[in-house]
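Peer 1: How does the following fold in three dimensions:
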Amino acid sequence: MKRISTSFINLKNVFLSALSVLLINISFAQTNVFDDVISTSPNHTYLTAAITQQGLQGALQNPSATLTVFAPTNAAFDNLAASLGTDISGILALSNLTDVLLYHVLGITAVSGDLSNGLIVTPLNDDNTLKITVKGNGDVFVNQAQVTTANLSTNNGVVHVTDAVLLSASTVADVAIDNGFSTLVSAVIVAELLPALSDPFGTYTVFAPTNLAFEALAIQLGVNVADLLILSNLADILLYHVLGAEVNAADVTNGLLATPLNDANTIKMTVTSNGNVFANQAEVILADVSASNGVVHVINAVILENETVVDLALDNPGFSVLTAAVISLELLPVLTNPFATLTVLAPTDAAFGALLAALDITAEDLLNDEDLLDIVLYHVFDTQIEAADLSNGLIAQPLSQTNNLKVTVASNGNVFFNQAQVEMADVAASNGLVHVLNSVLLPVETVVDVAIDNGFSYLTAAVVQEELVPVLSNPLAQFTVFAPTNEAFDALALALSTDIAGLLALENLTNVLLYHVVGSALEASDLVVGNLNTVLGQPVAININAGTVTVNSATVTLADVLAFNGVVHVINQVLIPGNVSIVDNDLVDVVVFPNPTSEFISFEGLPNTEFVIVDAIGNEVLRNTYSGNPIEIKDLSQGIYFISFPNEPNAGAIRLFIK
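Peer 2: Numbering: from 1, shown residues only. Just a heads-up that it's a prediction; the model follows:
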């Protein structure tokens, strides 16, 4: 028995010794995130000091804990200190240092495989969430901080090393997340923009479209909202909504051009007279929502970087007056709508200069004119009209309802709206077309309108066919027009055994029409007995007997129909120039070339003959004899002129376009 007892005791001692070793080994296996990762890392001495100072190491050493620690490096703390204008001692003295540290710790263990793009998790400091971004290239971010080393595992959790310190401040990203901007948030996540927008030291202005705004965009594009999130240019669209500076509503001025992070285009700001603010076409429906890194303005539409008709004007320095007018009239939201379909007739600065000079006013006077809105809208159509869609005599209705526009397509291809020539056609924008004009259009009633609006259909057809509308619709000219009625044209056709079509086919019809026009405005009381010179250069005979006015043999049946650019007297006969036979088709064939021109002209068919050039209102601007050498005309202003040959009555008048 004694031997057995001794053996048992020895066996017991061996077992206890082995158990002790096992327990010691088990104790050594109990690693934790603080002792075995953070405090032993030469790159985390600042973090270690902060944890120890705040007495948080015990929580991180707890063997029964399940933790995830995002561990900023020493360099990350240095960057934080620099951003705050201090050093590491200043960081360690922060009153909220414990909150800062606990914002880096999750109460669960989350290895990198558990993290997904857009994941939002709540740390031990639950003042704010942590926003996870997993990019397509595999890079992982927590808020703005990139994970540089992942999955340093211990028994009580995992450590992910980050290159920035996280702060629980509410950023512009949080404003969107916390206030129901679910589509915008989804787009920001898909476009991997959370790291930028959650940077607590960024400075941003975000124009934040509502969910309804994205739904409207989807409808306009013919897709659904989910399709928007897979657009190849989604990041560009979002960055077009972000400025790299903080701009409060009070800082916005009407016409301000702001450059967003996507600088492919500017954002055009409008502040209306009633205080409404627009970014392009989108109205700010809630302004100045503050965040730690900027401000958010809620908008009711998604804005796009597309080049609109406004951009065409803004990007070309020759349209400064037009853009100033558009801004002054608060029309930017209408004209920057990327889904509008517009045609804009755009007068150049030179065109506005001519208008200002003619009216003897300043640009400031024009911008303050009560009719400015009507004038600008007279240059805009709410449909796209290409030059190829235009035809001679077309009457088109712009946004201004005060008057319509009369289109002339000349035989040489020149295109006019009223008196204004199209210098450049079909300049394409995302929301329409721009046609550049050499003159400003005014929505006033001209002598042409008097004829069109009062049943002078034959006279109108003749004026349109002979391409005289640009001359007679010039609002800055002054005319007297003796206007034959339809019955007068019918009487002439009967006398010639033809019809109105035959009259319109007359080779010298232009001469006949110009013989009815005087280059000044003369009411009946201004008329005196005697000869009155016409734009053609030949006079008509005025006679007044017992209050009845006759012009040659025609009687004025209705006098003093007033227009903005003159006066119309209705007559009962068509006037025929004295040196032209309307039945003689044996006309001298004269060619003026080049036409249009800007410097020189030559004649073919009439060598060594006298010629006279008159402007569109009958003023003689040049008289000379053509001897075969080119004639210099570069001193003449751009516009329409007429050339006549006093010694060759059958040559008729030739229209000259100077460009």
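Peer 1: what number of residues lie near the spatially closest residue to residue 105 that is not a sequence neighbour?
Peer 2: Nearest residue to residue 105, sequence neighbours excluded (CB to CB, 6 or more residues apart in numbering): residue 124, at 4.7 Å. Every residue, glycine included, has its C-beta placed from N, CA and C. Using other CB atoms under 10 Å, residue 124 has 16 neighbouring residues.
Peer 1: Then residue 272?
Peer 2: 12.
Peer 1: contacting residues for it?
Peer 2: Counting by CB atoms under 8 Å, 6 or more residues apart in numbering, residue 272 touches 254, 278, 330.
Peer 1: Apply 6 Å and report the result again.
Peer 2: residue 330 (CB atoms under 6 Å, 6 or more residues apart in numbering).
Peer 1: where's it relative to residue 332, distance?
Peer 2: Distance of residue 272 to residue 332, computed by CB to CB, to the nearest Å: 10 Å.
Peer 1: Same question for residue 490.
Peer 2: 52 Å.
Peer 1: Compare those two and say which is more crowded by neighbours.
Peer 2: Between residue 490 and residue 332, residue 332 has the larger neighbour count (other CB under 10 Å), namely 24 against 16.
Peer 1: OK, contacts around the residue nearest to residue 105?
Peer 2: 102, 105, 107 are the contacts of residue 124 under CB under 6 Å, 6+ apart.
Peer 1: Likewise for residue 320?
Peer 2: Counting by CB under 6 Å, 6+ apart, residue 320 has contacts residue 349.
Peer 1: Could you tell me the model confidence score at it?
Peer 2: For residue 320, the pLDDT comes out at 97.
Peer 1: Please save the CA atoms from the host helix or strand of it in CSV.
Peer 2: Using DSSP states H and E, residue 320 sits within helix 320-328. Output of helix 320-328 as CSV, limited to C-alpha atoms (Å, rounded to 0.1, in the frame of the first residue of the first chain):
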residue,chain,number,x,y,z
SER,A,320,-21.6,91.2,-72.7
VAL,A,321,-24.6,93.5,-73.1
LEU,A,322,-26.9,90.6,-73.9
THR,A,323,-25.7,88.6,-70.9
ALA,A,324,-26.0,91.7,-68.7
ALA,A,325,-29.6,92.1,-69.8
VAL,A,326,-30.4,88.4,-69.2
ILE,A,327,-28.9,88.6,-65.7
SER,A,328,-30.7,91.8,-64.9
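Peer 1: Now, of the contacts of residue 124, which are buried?
Peer 2: Buried members of the contacts of residue 124, scored by 16 or more other CB atoms under 10 Å, are 102, 105.
Peer 1: how about the contacts of residue 124 in a markdown table, adding secondary structure and pLDDT?
Peer 2: Formatted as a markdown table, the entries for these read as follows, by DSSP: H, G, I helix; E, B strand; the rest coil; pLDDT from 0 to 100:
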| residue | secondary structure | pLDDT |
| --- | --- | --- |
| 102 | helix | 98 |
| 105 | strand | 98 |
| 107 | coil | 97 |
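Peer 1: so which of the contacts of residue 124 comes closest to residue 203?
Peer 2: residue 102 (26.6 Å; CB to CB).
Peer 1: wait, the closest one sits on residue 127?
Peer 2: No: counting by CB atoms under 6 Å, residue 102 does not reach residue 127; the two are 9.2 Å apart.
Peer 1: shared neighbours, those two?
Peer 2: With CB under 6 Å, 6+ apart, residue 102 and residue 127 have no common neighbours.
Peer 1: Please name the nearest non-neighbouring residue to residue 571.
Peer 2: residue 554 (4.1 Å).
Peer 1: got the end-to-end distance for stretch 399-417?
Peer 2: For stretch 399-417, the separation between the terminal residues is 15 Å (CA to CA, to the nearest Å).
Peer 1: list the buried ones in stretch 242-250?
Peer 2: 242, 243, 246, 247.
Peer 1: From residue 111, how far out is the last one?
Peer 2: Residue 247 sits at a distance of 42 Å from residue 111 (criterion: CB to CB).
Peer 1: do the third one as well
Peer 2: When distances are taken as CB to CB, residue 246 and residue 111 turn out to be 38 Å apart.
Peer 1: now swap in the first one and tell me
Peer 2: In this structure, residue 242 and residue 111 are 33 Å apart, going by CB to CB.
Peer 1: cool, and the second one?
Peer 2: The spacing between residue 243 and residue 111, counted by CB to CB, is 38 Å.
Peer 1: Can you tell me what sits against stretch 196-205?
Peer 2: Contact with stretch 196-205 is made by 83, 131, 143-144, 167, 169, 171-173, 242-243, 245-247, 292-295, as judged by CB under 6 Å, 6+ apart.
Peer 1: So which of those belong to helices?
Peer 2: Among the contacts of stretch 196-205, the members falling in helices (DSSP state H) are 83, 172, 173.
Peer 1: Filter these down to the buried ones.
Peer 2: By 16+ other CB under 10 Å, these give 172, 173 as buried.
Peer 1: Closest to residue 208 out of the ones in helices among the contacts of stretch 196-205?
Peer 2: Closest approach to residue 208 among the ones in helices among the contacts of stretch 196-205 (CB to CB): residue 172, at 8.2 Å.
Peer 1: Report whether residue 287 is found in a helix, as I expect.
Peer 2: No: if the criterion is DSSP: H, G, I helix; E, B strand; the rest coil, then residue 287 is strand and not within a helix.
Peer 1: ok now do it, which residues does it touch?
Peer 2: 249, 297.
Peer 1: pLDDT value on it, please?
Peer 2: pLDDT for residue 287: 98.
Peer 1: please renumber so the chain begins at 266
Peer 2: That works, and once the first residue is 266, the last one we named lands at residue 552.
Peer 1: Low-confidence regions, the stretch 816-924 of the chain specifically.
Peer 2: The stretch 816-924 of the chain contains residues with pLDDT under 70 at 844-854, 872, 881-883, 914-917.
Peer 1: Show me where it has its strands.
Peer 2: Along the stretch 816-924 of the chain, counting by DSSP state E, counting those that start in this stretch, strands occupy 819-828, 831-836, 856-858, 865-869, 874-880, 885-891, 896-897, 904-909, 919-923.
Peer 1: Adding distance to residue 482 and mean neighbour count, write those strands out as a markdown table.
Peer 2: Shown next, in a markdown table, are the strands of the stretch 816-924 of the chain (distance: least, CB to CB, whole Å; neighbours: other CB atoms under 10 Å):
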| stretch | distance to residue 482 | mean neighbour count |
| --- | --- | --- |
| strand 819-828 | 47 | 16 |
| strand 831-836 | 51 | 24 |
| strand 856-858 | 54 | 14 |
| strand 865-869 | 55 | 16 |
| strand 874-880 | 52 | 19 |
| strand 885-891 | 56 | 13 |
| strand 896-897 | 58 | 16 |
| strand 904-909 | 46 | 22 |
| strand 919-923 | 46 | 20 |
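Peer 1: The ones you listed: which one's closest to residue 787?
Peer 2: strand 831-836 (6.7 Å).
Peer 1: what inclination does that closest one have with respect to strand 819-828?
Peer 2: Per axes from the mean of the first three to the mean of the last three CA atoms, to 10 degrees, the angle that strand 831-836 makes with strand 819-828 is 150 degrees.
Peer 1: which strands and helices sit next to strand 831-836?
Peer 2: helix 712-718, strand 744-749, strand 819-828 (3 or more CB pairs under 6 Å, 6 or more residues apart in numbering; DSSP states H and E).
Peer 1: For this structure, which element, helix or strand, carries the lowest mean pLDDT?
Peer 2: Across the helices and strands of the chain, the lowest-confidence element by mean pLDDT, DSSP states H and E is helix 267-294, at a mean of 46.
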